[in-house]
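Asks: A predicted structure for the sequence below; I have some questions about it.
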Amino acid sequence: MTARNLGKEEREAAELAAAELAAAEAAGAADETAFAARGGVPTHEWGEGLRSQQWFGAEGKTGFMHRSWLRSEGLPDDSFRGRPIIGIANSWSELTSCNLHLRGLAEYVKRGIWQAGGVPFEFPTTSAGEPIVRPTAMLLRNLMAMDLEETLRSNPLDGVVLLAGCDKTTPAYLMGAASVDLPTLLITGGAMLNGKHRGTDIGSGTSVWKFTEAHRAGLIDDTAITEAEGCMARSQGHCQTMGTASTMACVSEFMGMQLPGTASLPANDSRRQAAAHLAGRRIVEMVAEDLRPSKILTRQAFENGVRANAALGGSTNAVIHLLALARRVGVELTLDDFDTLVRDVPVLADLMPSGRFLMEDFEYAGGTAGFAETLGELLHRDALTVTGATLGENYAGAEVFNREVIRPLDHPVKPVGSGIAVLRGNLAPRGAVIKQSAADPRLMQHTGRALVWDTLQAYLADAEDPELDVAPDDILVVRNVGPKGYPGMPEVGNLALPRKILEAGVTDMVRISDARMSGTSYGTVVLHVVPEAAAGGPLAFVRTGDTITLDVAGRSLHVHVSDEELEARRAGWQPPTVPGSERGWTRLYIEHVTQADEGLDLDFLQGRSGAAVGPQAF
């Protein structure tokens, strides 16, 4: 239809629209011309307010030193004035297979930074690969956070992009960056593709426990388990179950620290590379806006993280990581919040270990964007995010394409109140946790005889004994596997059941420890008992033959021994000797680590260090 066929009002509206379009095109062309004329530098006038200018804008010997040495990297003169300097923290390592592809992903971040007029500098940090680090990658989380914190504080950086993925790398980076409080944007590496084995999908971690238990029970042979081993991890990326890596990736996005819709993208998906490019652009804008973690990581953000974790059927490890992060940024968050905040939240993600599917399926079903829209008002939709917009604005209109994987609120995987439960009693005065969505409902109210081991190694040896005095109703207790006692609080709480029990066809028993368990694990497992045994908690004084009652609905964990008897047993008790604790990082860790209800951070790292520039070096 031409303008002559329109009525007067319609014609005037069309002419106005055409004029606005022409003006916009002219402005765009002018912006592009200005952009090119400035050598690719955006029209934003940075002035002298950039933190990096205290290095590169310095006069005399100090400025000469800082600028001169970096010229060896082939940087043109205008790299040192009027451009924000952006760090790219990379947890890439060949010892951290989950993060192996982050080395390549950094190149896409650099493209975006250069395009937006910034200057990127990639740097390495300590890396902690959960599948191979002994005694546990948790021992290194705080070291990694400290490494990042000191690197950010001591270098001429105006903002930082964090490249993380494997379990401890994401929370470590968030903790370190939040302590310094420069503009920060996180990119996680994404999950690996679904494992494929004999026509079925298998998931990292979750299927490990299933295959190895079946092998111990004699249900599958050596050939079958070797075949499965080669089928599970068949691409780059972190665990494709809703383990700790996927949990922390998704939770950090719902807390506002990642670009919307990116946490669930598979590692091998080219859209992750595009997202990295866009993240490079966005971090330059965040520097201009002075958008820092302290403006994003509010109490609302943490409540969103806690509630999203419950709806995802996420890892119990998120409890420890979020408690530690909250203490870095001064947000009041307690262990009880992980129970009380989720009692009206159902499990909506049908993902292993609480469900059937894997992260690749989750992304194709609608991913984090569709999941956020499904949660609706269960999240604080007005919380600020790294986009500069609110959580609700980020996900408005997002769709879900497979309601088997991402369930609606009226048809959940598990009903409301199926999230993490916090237990207390004379066995755990400061608390313990259980992941209800991964536990056997028949064991949630249970009384049984305690079988107690002082070390994990002693338990594992006895578990293979066909003559072990154990019955399905017994409660397995392993202690001295907490933060000080092991050290580092390893993921061993989901104890492999005794061979005798497996051969009888029993697949679950109540297990209690001061350890953690992998987010990929399942079973009726009580974890994070506080205080731990090595710190003199009541767990240290339980004996084989004592009676223990687990009452999840009543939030109780009780050993039927009087207070007087427990105190009598304390007499003469000595903390266990921890091998390797006489020197180095392990000694510092044991002397200063807090308990699980406080996040396992080092006591002197709680709070912010800030980004104040240190005194000159020359």
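Replies: Received, thanks. Note that the structure is predicted; figures quoted are calculated from it, not measured.

Asks: so which residues of the stretch 251-400 of the chain form helices?
Replies: Taking DSSP state H, counting those that start in this stretch as the test, the helices found in the stretch 251-400 of the chain are 270-289, 293-296, 299-312, 317-329, 337-340, 359-365, 367-375, 391-395.

Asks: residues making contact with the last one?
Replies: The contact list for helix 391-395, computed with Cβ atoms under 8 Å, 6 or more residues apart in numbering, reads 254, 256, 260-261, 304, 369, 372-373, 379-383, 385, 387. In this view, the C-beta of every residue, glycine as well, is placed from N, C-alpha and C.

Asks: do the same with stretch 97-112
Replies: Against stretch 97-112 from outside (Cβ under 8 Å, 6+ apart): 88, 90-94, 120, 122, 127, 129-132, 161, 163-166, 169, 187, 189, 233, 236-239, 245, 267, 272-274, 276-284.

Asks: buried only: go through these for me.
Replies: Buried by 16 or more other Cβ atoms under 10 Å: 88, 90-93, 120, 122, 127, 129-131, 161, 163-166, 169, 187, 189, 233, 236-239, 245, 267, 272-273, 276-284, out of the contacts of stretch 97-112.

Asks: which phi and psi does the nearest residue to Ala267 once chain neighbours are set aside have?
Replies: In space, not counting the residues next to it along the chain, Ala267 is nearest to Gly237; the distance is 2.9 Å by Cβ to Cβ, 6 or more residues apart in numbering. Taking degrees, to the nearest 10, you get phi 120, psi 170 for the backbone angles of Gly237.

Asks: in this structure Gly237 contacts Asp269, no?
Replies: No - using Cβ atoms under 8 Å, Gly237 makes no contact with Asp269, being 9.5 Å away.

Asks: list residues touching both of those two?
Replies: Common contacts of Gly237 and Asp269 (Cβ under 8 Å, 6+ apart): Gly190.

Asks: where does pLDDT dip in this protein?
Replies: Counting by pLDDT under 70, the low-confidence segments of the chain come to 1-45, 47-48.

Asks: next, name the residue at the spatial heart of it.
Replies: Met248 (2.3 Å; Cα atoms, centre = their mean).

Asks: dump the residue contacts of that one.
Replies: For Met248, the contacting residues are Asp167, Thr170, Pro171, Thr188, Ser315, Asn317, Ala318, His321, by Cβ under 8 Å, 6+ apart.

Asks: distance of the residue lying closest to Thr387 once chain neighbours are set aside relative to Gly261?
Replies: Distances taken as Cβ to Cβ, 6+ apart place Asn394 nearest to Thr387, at 5.8 Å, with adjacent residues excluded. Counting by Cβ to Cβ, to the nearest Å, the gap from Asn394 to Gly261 is 8 Å.

Asks: mutual contacts of those two, please.
Replies: With Cβ under 8 Å, 6+ apart, Asn394 and Gly261 have common neighbours Ala369.

Asks: quick one on the thing from earlier: which of the contacts of Met248 sit farthest apart?
Replies: Using Cβ to Cβ, the contacts of Met248 reach their maximum pairwise distance at Thr188 and Asn317, which is 14.9 Å.

Asks: counting neighbours, go ahead and name the busier of those two.
Replies: Thr188 (33 against 27; other Cβ atoms under 10 Å).

Asks: give the bridge partners for the more buried one, please.
Replies: For Thr188, the beta-bridge partners are Ala164 (DSSP bridges).

Asks: that one and Ala263 touch, don't they?
Replies: Yes - counting by Cβ under 8 Å, Ala263 is a contact partner of Thr188 at 5.7 Å.

Asks: got any residues that touch both of these two?
Replies: Common contact partners of Thr188 and Ala263 (Cβ under 8 Å, 6+ apart): Ala249, Ser252.

Asks: ok now stretch 56-64, how far from the chain's centre?
Replies: How far stretch 56-64 lies from its chain's middle: 40 Å, per Cα atoms, centre = their mean, to the nearest Å.

Asks: look up phi and psi at Ala534.
Replies: The phi/psi pair for Ala534 (degrees, to the nearest 10) is phi -70, psi -20.

Asks: roughly how far apart are it and Leu185?
Replies: Taking Cβ to Cβ, one finds Ala534 at 38 Å from Leu185.

Asks: same check on Asp221?
Replies: The value you get for Asp221 to Leu185, if Cβ to Cβ is used, is 49 Å.

Asks: check Met255 too.
Replies: Met255 is 13 Å from Leu185, by Cβ to Cβ.

Asks: neighbour count for those two, which is higher?
Replies: More neighbours surround Met255 than the other of Met255 and Leu185, with 29 against 25 (other Cβ under 10 Å).

Asks: what sits against that one?
Replies: Per Cβ under 8 Å, 6+ apart, neighbours of Met255: Ile296, Leu297, Ala301, Phe302, Asn304, Gly305, Ala383.

Asks: cutoff 10 Å now
Replies: 174, 186, 248, 293, 296-298, 300-306, 308, 322, 325, 383, 385-386, 391 (Cβ atoms under 10 Å, 6 or more residues apart in numbering).

Asks: show me what the helix or strand containing Met175 is packed against.
Replies: Assigned by DSSP states H and E, Met175 belongs to helix 169-180. Counting contacts by 3 or more Cβ pairs under 10 Å, 6 or more residues apart in numbering; DSSP states H and E, helix 169-180 is packed against strand 85-90, helix 138-154, strand 159-164, strand 184-188, helix 244-254, helix 293-296, helix 317-329.

Asks: which strands and helices lie in contact with the following helix or strand past the fourth one?
Replies: For strand 184-188, the succeeding helix or strand toward the C-terminus, using DSSP H and E, is strand 195-197. With contacts defined as 3+ Cβ pairs under 10 Å, 6+ apart, the packing partners of strand 195-197 are strand 200-202, helix 206-216, helix 222-232.

Asks: ok, which of the ones you listed comes nearest Leu605?
Replies: helix 206-216 (32.5 Å).

Asks: quick check: buried residues in that closest one?
Replies: In helix 206-216, counting by 16+ other Cβ under 10 Å, buried: Thr206, Ser207, Val208, Trp209, Lys210, Phe211, Glu213, His215, Arg216.

Asks: ok, stretch 69-87 next?
Replies: For stretch 69-87, by 16+ other Cβ under 10 Å, it's Leu70, Ser79, Phe80, Gly82, Arg83, Pro84, Ile85, Ile86, Gly87.

Asks: distance between the ends of it?
Replies: End-to-end distance for stretch 69-87, by Cα to Cα, to the nearest Å: 17 Å.
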